[in-house]
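>>> structural data only, the sequence is not supplied:
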């Protein structure tokens, strides 16, 4: 499905280019051929080397290309895996590529074998849960970005840590808490720091 989506996108680009350049005669025809070449060969490389590591078709289907190690694909690997699409296409309609996929336990086509790459499912991973509810409390001082991120991450792990460990980590950040005022309800350091986390989530800073 990812391949078909990318094929349709490339086809649409080529048709649009042909229509736009047809008025230029033979010169336009030459430009159209160059466009076909760029779309066919540069299109997948540009998107694979982008932030998502996937062409539009792969992105829609939740796929991405990575190295065998799981690291982002390198320019050389992207070039190799796409160059060998010609071999995968042989003898017709990606016949060799399909056979290669079926015989390989990692479902790799020839280009992936040569480049050391994998096409994987890119499922989003949630590292932290929503923090528990707490009355917002403004910190005692301005917090930098690292401190804000650390407090939010700590609050998001409330359900994954034991109460003792949760309180122990909160004690480390105790200096950012405002002084306890007379008449304030008695709350643990963790409960007060959760209030700071809620304040940070509601602030624009």
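That came in fine, so what should we check first? Treat the numbers as computed from the prediction; the structure is a model and nothing was measured. Numbering: from 1, shown residues only.
>>> residue contacts, residue 59?
Residues near residue 59 by CB atoms under 8 Å, 6 or more residues apart in numbering: residue 52. Yep, even glycine has a C-beta here, placed from its N, CA and C like the rest.
>>> can you pull the buried residues of the helix or strand encompassing it?
Using DSSP states H and E, residue 59 falls within helix 56-60. For helix 56-60, a neighbour-count test (16 or more other CB atoms under 10 Å) marks 56-59 as buried.
>>> can you list the weak-confidence ranges in the chain?
By pLDDT under 70, the weakly predicted segments of the chain are 124-128, 203-205.
>>> after the helix holding residue 59, next one along is what?
strand 63-67.
>>> which residues touch whichever helix or strand comes after that next one?
Next in sequence after strand 63-67, counting helices and strands by DSSP H and E, comes helix 75-83. With contact meaning CB under 8 Å, 6+ apart, helix 75-83 is reached by 41, 44-45, 48-49, 65, 67, 111-112, 114-117.
>>> mind doing that once more with 10 Å?
40-49, 53, 65-68, 71-74, 88, 108-117, 119 (CB atoms under 10 Å, 6 or more residues apart in numbering).
>>> center of this protein - which residue?
The C-alpha lying nearest the average C-alpha coordinate of the chain belongs to residue 52 (CA atoms, centre = their mean; 4.8 Å).
>>> disregarding residues adjacent in the polypeptide, which is nearest to it?
Closest residue in space to residue 52, ignoring its immediate chain neighbours: residue 59 at 5.7 Å, by CB to CB, 6 or more residues apart in numbering.
>>> quick one, helices of the protein?
Under the criterion DSSP state H, helices of the chain are mapped to 2-21, 25-48, 56-60, 75-83, 85-89, 95-103, 110-115, 145-156, 163-172, 189-202.
>>> export the ones you listed as JSON lines, with columns for distance to residue 130.
Converted to JSON lines, those look like this (distance: least, CB to CB, whole Å):
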{"stretch": "helix 2-21", "distance to residue 130": "33"}
{"stretch": "helix 25-48", "distance to residue 130": "33"}
{"stretch": "helix 56-60", "distance to residue 130": "27"}
{"stretch": "helix 75-83", "distance to residue 130": "38"}
{"stretch": "helix 85-89", "distance to residue 130": "44"}
{"stretch": "helix 95-103", "distance to residue 130": "41"}
{"stretch": "helix 110-115", "distance to residue 130": "39"}
{"stretch": "helix 145-156", "distance to residue 130": "7"}
{"stretch": "helix 163-172", "distance to residue 130": "15"}
{"stretch": "helix 189-202", "distance to residue 130": "9"}
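>>> any idea which of these gets closest to residue 178?
Nearest to residue 178 among those is helix 189-202 (8.5 Å), distances taken as CB to CB.
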